[in-house]
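Undergrad: sharing a model that was predicted from the sequence below.
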Amino acid sequence: METIAGQARVPPTAVMHSELSDWPGGQKPNKKEYLRKVRELKDNRVNFEKRWKAIRDYELPFLGSFLDTSDATDNARRRDEKIYDGTPWEANQAFAAGIMSGLTPQNRRWFRLSFSERDLGDNTDVARLLDQRMDILNDVLDKSNFYNAVHATYLELAFGQAVLGIFPDPVHGVHFTPYTIGSYYLAAGADGKVNTFCYECLLTTRQIADKFGEEKLTHNMREELKNGAGLKRKHKVYWYVEENAHADRNRLGRQYLPYISLYWLDEAQENEWLYVGGCYEWPVPVGRYLVLANDPYGAGPGWFAEGDSKQLQVMSKDMLRIIELMAKPPMQSDEETAKNGINLAPGSNTVRGKGDQTGVTPLFQFAGDLDHLRMAIAETEERVKRAYSADLFRMLDMQDKSMTAREVMERTNEKMQQLGPVVQRMQFEFLSNIIERVYNILDRAGVFPQPDNPDLAQTLAQQEIRIEYISPLAQAQKMSGLVNIEQGLAFVANVAQMSPDVLDKIDYSEAVSRYLDMVGAPASIKRSDDDFKKIQAQKQAAQQQQQQTAQAMQMAQAAAPAAQAAKAATDAAQNGNPALRQLLGFDEAGLGMRSGV
């Protein structure tokens, strides 16, 4: 579970000034140093490029951008010329869709916010405040391009890692930009986390002018805008982000922000920058499928399926060649017939020669075994699908319709747990950074309503907010905990039939609280411990009052027969029964009781 550190809000004007303006005081970073760093990043990426290009050529031809290939000159060319079987691409689409629906589904909540201190979770006011902020956060994600961008990012995960840029947006609050393989360079720190990012791209002169202003352009680029070439000519632009060694939150100025952000033109002079600034949070979360030692780049499904994918393309090409040879075998004919021409169209006529060996016949008889080849191709396709976990994510489509919802959930959870390590890494490295970045952007911009209660405001500023994931994949990992609670309560219920005293062993209110927390129920539907105790006390008082009323009614009902008998005896004595009159002590005149009786 990740946390968002509590901190004082920064005025929106300070945010805009700090992330969109030039470096204050005229101070500029040493550009030579950053050019050297970029060269090192490129050298460190060379070996990985070989794998990425092979994966793209034989598996995912529609992804990637490598400026040392035709991507820089003809980005609209056909990229699937080595593809004879589209199974890898289809498997990657199923993989991306499965990760999307499992980690970040748009049609349901996939995370929630709470305080790191568990006791604060019982405070109803605090819980409702976080629920309100979470509603705003989800609404911003829905209205922005987040879900489109994150799906494109999941498609890139097959190469081993996926990168998503997060930027403040004056209209939608935030804007997201996915980066394709080959367009970026990464470096990791001693802890293995990515802490350096460099993006390399080609932009038209007009795009650069719109983004950074015409005053940032070189003289030649300004001339391009004037003569109409601004929409055609492209220039190489770099964006570089790294941890700031001089970061200091107590000092003003972008040079003291946690991360430094630099833009420059490849053709610009040594001291020329397009932009110099910084960021409060890491702006480009990187999700990695499988981390190799301390390498910044990971390994993904495309790595595991590369051999099978190459084999699949070769076999599919061979099968097409065999079918073509069977349908259109090489022909042979005598010289005179060949001179007149051979027409192979259906219903055509070919004039035969007059020699001894006249006519047109196949050069050789070809007998290909397509059945065995098809079986081999099918087996290879299944291995590719398993490498991409496509069979796992399509499992629900193949479930028996007669199964109950519980059975489907349990089978799904068994399969989903296979992706446990990947899910945890994506949550830790990728999703937590996204939520933290978006939350703090909105907080600094004043989007979240502030609490009227000063104590609540102070608690919100000082406490760390915990991010808890409640997506289908996250809950699949928690399923074991839910099953433990359910099995424990079921066991106690069975034993209670023989010994009811064991029911006192369970704290039912705590069990319900834990269960609601684990399934990700909204905090607002759960009462605080104080409210729960008050309700229980009211119920006990009402029960005691009801018991007292019942006891009074029982006593009254028991006394009714005696009172009726006494009344009957009195009536009989007054009617002249001498024995009763004397027993009851009436005077002889029948006017009342005798004294002393």
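TA: Good, I have the coordinates.
Undergrad: hmm, Asp266 and Tyr238 touching each other?
TA: Yes. The pair Tyr238 and Asp266 qualifies as a contact (C-beta atoms under 8 Å) at a distance of 6.6 Å. Yep, even glycine has a C-beta here, placed from its N, CA and C like the rest.
Undergrad: neighbour count for those two, which is higher?
TA: Tyr238 (19 against 12; other C-beta atoms under 10 Å).
Undergrad: how about the secondary structure of that one?
TA: Judged by DSSP: H, G, I helix; E, B strand; the rest coil, the three-state class of Tyr238 is strand.
Undergrad: how much space separates it from Ala268?
TA: Distance, Tyr238 to Ala268, by C-beta to C-beta, to the nearest Å: 10 Å.
Undergrad: now Arg352
TA: Distance, Arg352 to Ala268, by C-beta to C-beta: 74 Å.
Undergrad: okay, now the unreliable bits of the stretch 351-500 of the chain?
TA: Across the stretch 351-500 of the chain, the ranges flagged by pLDDT under 70 are 353-359, 366, 368, 395-417, 477-484.
Undergrad: tell me where it has helices.
TA: 370-387, 390-393, 405-416, 420-425, 432-444, 454-462, 472-496 (DSSP state H, counting those that start in this stretch).
Undergrad: pipe those into CSV and attach distance to Glu242 and mean neighbour count per row.
TA: Below are the helices of the stretch 351-500 of the chain laid out as CSV (distance: least, C-beta to C-beta, whole Å; neighbours: other C-beta atoms under 10 Å):
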stretch, distance to Glu242, mean neighbour count
helix 370-387, 34, 16
helix 390-393, 36, 20
helix 405-416, 36, 15
helix 420-425, 22, 16
helix 432-444, 15, 21
helix 454-462, 29, 13
helix 472-496, 31, 15
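Undergrad: now these in CSV, with distance to Ala96?
TA: Shown next, in CSV, are the helices of the stretch 351-500 of the chain (distance: least, C-beta to C-beta, whole Å):
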stretch, distance to Ala96
helix 370-387, 14
helix 390-393, 9
helix 405-416, 16
helix 420-425, 13
helix 432-444, 17
helix 454-462, 37
helix 472-496, 14
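Undergrad: so which of these comes closest to Ala97?
TA: Judged by C-beta to C-beta, the one of the helices of the stretch 351-500 of the chain that comes nearest to Ala97 is helix 390-393, at 6.8 Å.
Undergrad: what lies in contact with the closest one?
TA: Helix 390-393 is contacted from outside by 90-91, 94-95, 97-98, 101-102, 382, 385, 415-416, 418-419, using C-beta atoms under 8 Å, 6 or more residues apart in numbering.
Undergrad: buried sites along the helix or strand hosting Val241?
TA: Assessed by DSSP states H and E, Val241 sits inside strand 234-243. Across strand 234-243, burial judged by 16 or more other C-beta atoms under 10 Å covers 235, 237-242.
Undergrad: Ala305: how many residues sit nearby?
TA: 27.
Undergrad: begin at 628, not 1, for the rest of this chat.
TA: I'll keep to 628 as the first residue from here, and by that count the last item is Ala932.
Undergrad: ok, it - contacts?
TA: 686, 715, 718, 1010-1011, 1014-1015.
Undergrad: can you tell me how far it is from Leu1046?
TA: Counting by C-beta to C-beta, the gap from Ala932 to Leu1046 is 16 Å.
Undergrad: could you chop the protein up by domain?
TA: According to automatic domain parsing, the chain comprises the domains 634-710+788-925, 933-960+995-1014, 1171-1211.
Undergrad: okay, how far is it across the second one, tip to tip?
TA: What it means is domain 933-960+995-1014. 9 Å (C-alpha to C-alpha, to the nearest Å).
Undergrad: and it, how far from the chain's centre?
TA: On the basis of C-alpha atoms, centre = their mean, to the nearest Å, domain 933-960+995-1014 sits 38 Å off its chain's mean C-alpha point.
Undergrad: ok, then the element right after the lowest-mean-pLDDT helix or strand in the chain?
TA: The weakest-scoring helix or strand in the chain, judged by mean pLDDT, DSSP states H and E, is helix 639-647 (a mean of 37). Next helix or strand after helix 639-647 toward the C-terminus (DSSP H and E): helix 658-685.
Undergrad: which residues in the stretch 778-927 of the chain form helices?
TA: With DSSP H, counting those that start in this stretch applied, the stretch 778-927 of the chain shows helices at 832-839, 846-854, listed in chain order.
Undergrad: quick one: closest of those to Gly792.
TA: helix 832-839 (13.5 Å).
Undergrad: now do the closest one: which elements does it pack against?
TA: For helix 832-839, the helices and strands in contact under the criterion 3 or more C-beta pairs under 8 Å, 6 or more residues apart in numbering; DSSP states H and E are helix 846-854, strand 861-870.
Undergrad: need the ones you listed in TSV with mean pLDDT and distance to Tyr812, can you?
TA: What follows is those, written out as TSV (pLDDT from 0 to 100; distance: least, C-beta to C-beta, whole Å):
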stretch	mean pLDDT	distance to Tyr812
helix 846-854	92	25
strand 861-870	96	9
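Undergrad: and the ones you listed as JSON lines, adding distance to Val798?
TA: Listed next are those as JSON lines, based on distance: least, C-beta to C-beta, whole Å:
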{"stretch": "helix 846-854", "distance to Val798": "26"}
{"stretch": "strand 861-870", "distance to Val798": "22"}
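Undergrad: re the thing from before, which members of the buried residues of strand 861-870 are the farthest-apart pair?
TA: Top of the distance list for the buried residues of strand 861-870 (C-beta to C-beta): His862 and Glu869, 23.2 Å.
Undergrad: chain center to the helix or strand that contains Asp766, what's the gap?
TA: Assigned by DSSP H and E, Asp766 belongs to helix 751-770. A distance of 17 Å separates the centroid of the chain from that of helix 751-770, by C-alpha atoms, centre = their mean.
Undergrad: tell me the buried residues in that helix?
TA: When burial is assessed from 16+ other C-beta under 10 Å, helix 751-770 yields the following buried residues: 753-754, 756-758, 760-761, 764, 767-768.
Undergrad: list just the nearest of those to Ala1164.
TA: For the buried residues of helix 751-770, the nearest to Ala1164 is Ala754 (22.0 Å; C-beta to C-beta).
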